[in-house]
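Enquirer: One predicted model, sequence on top.
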Amino acid sequence: MIRVGILTLSDTGAAGQREDKSGPLIQKIISKNGGQVDYYQVIPDDQEQIAAELIKMTDDLGLNLILTTGGTGLAPRDVTPEATREVIDREVPGIAETIRLESLKKTPKAMLSRGVSGVRKETLIINLPGSPKAVEECLEVVLPVLSHAIELIKNEVTNCARE
């Protein structure tokens, strides 16, 4: 079972001025698909705080997958991609590129997303947009590859070649 952490990035959500709908939606979708959400947190759009939280979730909690939501746009406080790049060992551009490609079929605003994906130690980190609708659409795109990605990261795949 994949152990998942959810990190919602929102100044208003962290201040209790707005209900986080995306984080609970991610939790519902992950649980429905056999994952186990072990950690969920709402923090402000602060690069240093986001990076520290990602490090805690990987290094201390040993989660397999971290899904962030929010902070991927063009606003000055949108720093989730920068914080993620700061902590990952290797980028996985195909995940973010595929999310943007599939999202572009639904809205031209998808080209404004700066979300990234990458690996820190044995944890896959994926930046998702902040809106619940976009979260649901993006998770539909990545769900089919998550188990295999986690197995590869944990070096549990002995042979990827098809017979």
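Expert: Cool, the structure landed. Numbering: from 1, shown residues only.
Enquirer: Tell me where this protein has helices.
Expert: Applying DSSP state H to the chain gives helices spanning 11-14, 22-32, 47-55, 80-87, 93-104, 132-153.
Enquirer: Give me the contacts around the second one.
Expert: Spelled out, it's helix 22-32. 2, 4, 6, 8, 36-37, 40, 42, 67, 69-70, 128, 130-132, 135-136, 139, 143 (Cβ atoms under 8 Å, 6 or more residues apart in numbering). Using the backbone N, CA and C atoms, a C-beta is placed for each residue, glycine as well.
Enquirer: again, but for stretch 46-57
Expert: With Cβ under 8 Å, 6+ apart as the test, stretch 46-57 has contacts from 5, 7, 9, 39, 41, 43, 63, 66, 68, 71, 79-80, 82-84, 86-87, 120, 123, 125.
Enquirer: try 7 Å this time
Expert: Stretch 46-57 is contacted by residues 5, 7, 9, 39, 41, 43, 63, 66, 79-80, 82-84, 86-87, 125 when judged by Cβ atoms under 7 Å, 6 or more residues apart in numbering.
Enquirer: Is L61 in contact with Y39, as I believe?
Expert: Yes: using Cβ atoms under 7 Å, L61 is in contact with Y39, at 5.9 Å.
Enquirer: Need the residues touching each of the two.
Expert: Common neighbours of L61 and Y39 (criterion: Cβ under 7 Å, 6+ apart): G5.
Enquirer: can you count the residues close to E97?
Expert: 11 (other Cβ atoms under 10 Å).
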